[in-house]
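**Student:** After the sequence you'll find the predicted model.
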Amino acid sequence: MSRVRLLATGGTIAGKAGSQVEAGYRSGEVAVEGLIDAVPGLRALARLEGEQVAQVGSQDMDDALWLRLAARCGALFARDEADGLVITHGTDTLEETGYFLHLVLKSHRPVVLTGAMRPATSLSADGPLNLYNAVAVAADPEARGRGAIVVLNDDLHSARDVTKASTTDVQTFISPDPGLLGTARYGRIRYFRRPSRLHTEASEFSVEGLERLPRVDILYGHANMPPDLVHASVSLGARGLVVAGMGNGNVSTGVARALAEAVRAGVVVVRSTRVVSGDVGRNIEVDDDALGLVAADQLNPQKSRVLLQLCLARGMDARAVQDAFLRY
Ligand SMILES: NC(=O)CC[C@H](N)C(=O)O
């Protein structure tokens, strides 16, 4: 039987409400043993051990916690203490933590992130079946070499492609362009594909020895966006900027001018988009070559931020960063 370690970090899957039908609740209240005990048959899937890494709503995930989580995952694999990992996580920033681990963990062993949209105390809580499927994936040798996998509501997503698409719906996670990695039906797993971009063992990124990550801010694009937000970020110490641009990563003429100034000051600027699907291409309406900007290709703003932080931690310039956005 595979050895699976469950690393609990909080979120709605560990949430508690005052009653079974109350919308308001508190994230991160049920401890890891409680999560395991709530799922009949879980221990038949794998030799399972639980570990409480944090107990937060994932809106409170930060770089320090990411570095701690990555170090813990790395150590468990390096000491051969687990064949696969399951991380329970709030859904708000699950996609970012997942992509971070997808880029920095150096193992072909499965790392599976799961969560829930309804708290543990809710009528028809979705957490227990999500956890059951997640443990089944983490225990499955076929999951090896596919990077970090997000399992929710019977779907398997690559951590690179997945994004949260509804604030409240149980069917919240989608992988807009490449689609699902597979499906899970009561622990029976089907795989449709492998991620085509670099990850885990093939990734050049590592956080070993890092105590912090470079500051990268995201600026949200909109009609009448004030260019001085760009200057504010730069003067606050941002080494990278991601613009959640309009349409194909567009920004107003004034913002483009401010971004070009930021580039001249040594900041790396990535154009992503506030639109949920489609690529951001180079030199479409914005002259990236002239302004020194990077096009995000397929990454949404929050995923672009993760990749840009890791690129900057490696000392990459804009040209190398553009290359990374086409390879990861
Ligand atoms: N559904 C959820 O998990 C959201 C709860 C909380 N905001 C979190 O992300 O942890």
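**Tutor:** Now that the structure is in, tell me what you want to look at.
**Student:** going forward, measure contacts and count neighbours with C-alpha atoms only.
**Tutor:** Fine.
**Student:** can you give me the offset of stretch 40-56 from its chain's centre?
**Tutor:** Its chain's average C-alpha position is 21 Å from that of stretch 40-56, according to Cα atoms, centre = their mean, to the nearest Å.
**Student:** What's the end-to-end length of it?
**Tutor:** Stretch 40-56 has an end-to-end distance of 25 Å (Cα to Cα, to the nearest Å).
**Student:** likewise stretch 12-22?
**Tutor:** 13 Å.
**Student:** Each with direction, which strands does the helix or strand in which Arg271 is found pair with?
**Tutor:** For Arg271, the host element (DSSP states H and E) is strand 268-273. Its sheet considered, strand 268-273 pairs with strand 240-245 (parallel), strand 294-295 (parallel) by DSSP bridges.
**Student:** roughly how far out does it sit from the chain middle?
**Tutor:** 18 Å.
**Student:** what about Pro128, distance to Asp289?
**Tutor:** The gap separating Pro128 from Asp289 is 50 Å, by Cα to Cα.
**Student:** Specify which residue of these two has the higher count of neighbours.
**Tutor:** Taking neighbours as other Cα atoms under 10 Å, Pro128 and Asp289 compare with Pro128 leading, 21 against 11.
**Student:** Go ahead and confirm Val276 touches Pro176.
**Tutor:** Yes: taking contacts as Cα atoms under 8 Å, Val276 lies within contact range of Pro176: 7.4 Å.
**Student:** got the residues of the protein near the ligand?
**Tutor:** Residues of the chain that fall close to the ligand, judged by Cα under 6 Å from any ligand atom: 11-12, 27, 57-59, 90-93, 115-117.
**Student:** Recalculate using a threshold of 8 Å.
**Tutor:** For the chain, the contact set with the ligand under Cα under 8 Å from any ligand atom comprises 10-13, 15, 27-28, 56-60, 89-94, 115-119, 167-168.
**Student:** If any of the residues you listed are buried, give me the PyMOL selection for them.
**Tutor:** Paste this into PyMOL to select the buried members of the residues of the chain next to the ligand, with burial taken from 16 or more other Cα atoms under 10 Å:
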select buried, resi 10+11+12+13+15+27+28+56+57+58+89+90+91+92+93+94+115+116+117+118+119
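**Student:** Walking through the stretch 51-200 of the chain, point out its strands one by one.
**Tutor:** Taking DSSP state E, counting those that start in this stretch as the criterion, the stretch 51-200 of the chain contains strands spanning 84-88, 111-114, 148-152, 155-158, 163-164, 173-174, 182-185, 188-191.
**Student:** Same list, those strands, but as TSV with distance to Gly221 and mean pLDDT please.
**Tutor:** Putting the strands of the stretch 51-200 of the chain into TSV (distance: least, Cα to Cα, whole Å; pLDDT from 0 to 100) gives the following:
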stretch	distance to Gly221	mean pLDDT
strand 84-88	32	99
strand 111-114	30	98
strand 148-152	28	99
strand 155-158	27	98
strand 163-164	19	98
strand 173-174	23	98
strand 182-185	33	98
strand 188-191	37	98
